[in-house]
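# from the sequence below, what's the structure:
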Amino acid sequence: MNPTRQPNDTPGDTPIRQAAEELRTLRDLLRFTVSYFNRSDLFLGHGLPTAYDEAAYLILHTLHLSADQLEPFMDATLTRNERDQILRIIERRVNEKIPVAYLAHEAWLGDFNFYVDERVLIPRSFIAELLQDHLAPWVMDPYDIGTALDLCTGSGCLAILLAHAFEQAQIDAVDISSDALDVASINVRNYDLMNRIGLIQSDLFAELQGKRYDLIISNPPYVNAASMAMLPEEYHHEPSVALAGGSDGLDIIRRIFKEAAHHLTEDGLLIMEIGHNQAEVERAFPQLPCTWLETSSGDQFVLMVRSGDLPA
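Numbers count the residues shown, from 1 in each chain. A predicted model of the protein is given here:
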């Protein structure tokens, strides 16, 4: 069934047309949008947990209002143009299944916001949580990190968080996609970090010969083939090259393990997000002493390996 047409709609009418004709205030539009989202086949998996959160965010963003400005304007009457803009964007969310971040060209990790479009994954990473505490206790002194690498950087979000967590570090941000690096360059410029973050197009370590780092972080493609085949429509807007990790999800992870030791300093650390692949990693690398780092969702999603424990 087309989600914009319900059995009780008046012939010739749609919920969007009725809303345009009958609704007037921000409160009206918010209530309508939440109801519209709730009865539509939407997947909420890109940072905002509920239909209400998505509705409020899209409406406030369209009206150029911040998140703390909802209540003061709830009963404000919208202009026809404002109402039409909101209804167009929520109709795209429902009909095209475009994630909110792509509609707004904005995504958040903690207190940091980033420009995004369909050339990059929508930022989401447990590594971002760990960087809030400067990777303590695994990094005892943030000033000990002089060089760092963000492998598979995408939008550049983790490289930017690295730069804030380790203020003395020079950082390389690597991605195979030139399109992704174009987006990353926007974010690096927005945070005025051009002198500290170098963007490099490379198939993993291929263009990094001779370079070594005190810290390598990576949120690589790790979705296995079976899961790729079942992804909701929203994920089809994201670049598949940044998601697909091969039949078992470990294609890129294997390559990183194989090569990382050649690019870490003697006491360097590799920190990598691996999704739901803990059992597969432990089965494929039974001799590798991985430390599993605690995140808000458990200790099975991010691993750490010391330089000396990686294959030489």
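
# now for the closest residue to Leu161 other than its chain neighbours: which residues touch it?
Excluding the flanking residues, the one nearest Leu161 by C-beta to C-beta, 6 or more residues apart in numbering is Leu131, at 4.6 Å. Placement of C-beta: from N, CA and C, glycine included. Taking C-beta atoms under 8 Å, 6 or more residues apart in numbering, we find Leu131 in contact with Leu158, Leu161, Leu162, His164, Ala165.

# and the residues you listed, which of them are buried?
Buried by 16 or more other C-beta atoms under 10 Å: Leu158, Leu161, Leu162, Ala165, out of the contacts of Leu131.

# which residues of the stretch 201-312 of the chain fall in strands?
In the stretch 201-312 of the chain, the segments counted as strands under DSSP state E, counting those that start in this stretch are 213-218, 264-273, 291-292, 302-306.

# and Arg39, which of those strands is closest to it?
strand 264-273 (34.4 Å; C-beta to C-beta).

# so what secondary structure elements neighbour that closest one?
helix 126-132, strand 213-218, helix 251-259, strand 302-306 (3 or more C-beta pairs under 8 Å, 6 or more residues apart in numbering; DSSP states H and E).

# what's the offset of the third one from the middle of its chain?
Read that as helix 251-259. 21 Å (C-alpha atoms, centre = their mean, to the nearest Å).

# mean confidence for it?
Helix 251-259 carries an average pLDDT of 98.

# use 23 as the first number for this chain going forward.
Let's use 23 as the start, then, which means that last one is helix 273-281.

# quick one: contacts of it?
Here helix 273-281 has contacts from 173-174, 226-227, 240, 242-244, 267-268, 292, 294, 296, 299, 303, 306-307, 310, 327, 332-333, using C-beta under 8 Å, 6+ apart.

# which of those residues are buried?
For the contacts of helix 273-281, buried by 16+ other C-beta under 10 Å: 173-174, 226-227, 240, 242-244, 267-268, 292, 294, 296, 299, 303, 307, 327, 332.

# picking that back up, output the buried ones among the contacts of Leu153 as a markdown table; include the columns distance to Phe136 and pLDDT.
Supplementary listing: those in a markdown table, determined by distance: C-beta to C-beta, whole Å; pLDDT from 0 to 100:
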| residue | distance to Phe136 | pLDDT |
| --- | --- | --- |
| Leu180 | 10 | 98 |
| Leu183 | 10 | 98 |
| Leu184 | 14 | 98 |
| Ala187 | 16 | 97 |
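
# and which of the residues you listed is nearest Ser62?
Nearest member of the buried ones among the contacts of Leu153 to Ser62, counting by C-beta to C-beta, is Leu180, at 32.2 Å.

# which pLDDT value goes with Thr32?
For Thr32, pLDDT reads 40.

# please apply the same query to Gly67.
89.

# how much space between it and Pro121?
8 Å (C-beta to C-beta, to the nearest Å).

# correct me, but Leu315 touches Ile293?
Yes. Leu315 lies in contact with Ile293 (C-beta atoms under 8 Å); the separation is 7.3 Å.

# for these two, list the residues in contact with both.
By C-beta under 8 Å, 6+ apart, the residues touching both Leu315 and Ile293 are Leu152, Trp160, Val324, Leu325, Met326.

# distance-wise, check Val56 relative to Pro145.
Distance from Val56 to Pro145, by C-beta to C-beta: 25 Å.

# quick one on the thing from earlier: what's the farthest-apart pair in the contacts of Leu153?
Spatial extent of the contacts of Leu153 (C-beta to C-beta) is set by the pair Leu180 and His186 at 10.7 Å.

# what is the neighbour count of the spatially closest residue to Gly330 that is not a sequence neighbour?
Excluding its sequence neighbours, the residue lying closest to Gly330 (C-beta to C-beta, 6+ apart) is Glu288, at 7.4 Å. Using other C-beta atoms under 10 Å, Glu288 has 9 neighbouring residues.

# again, but for Ala41
For Ala41, using other C-beta under 10 Å, the count is 19.
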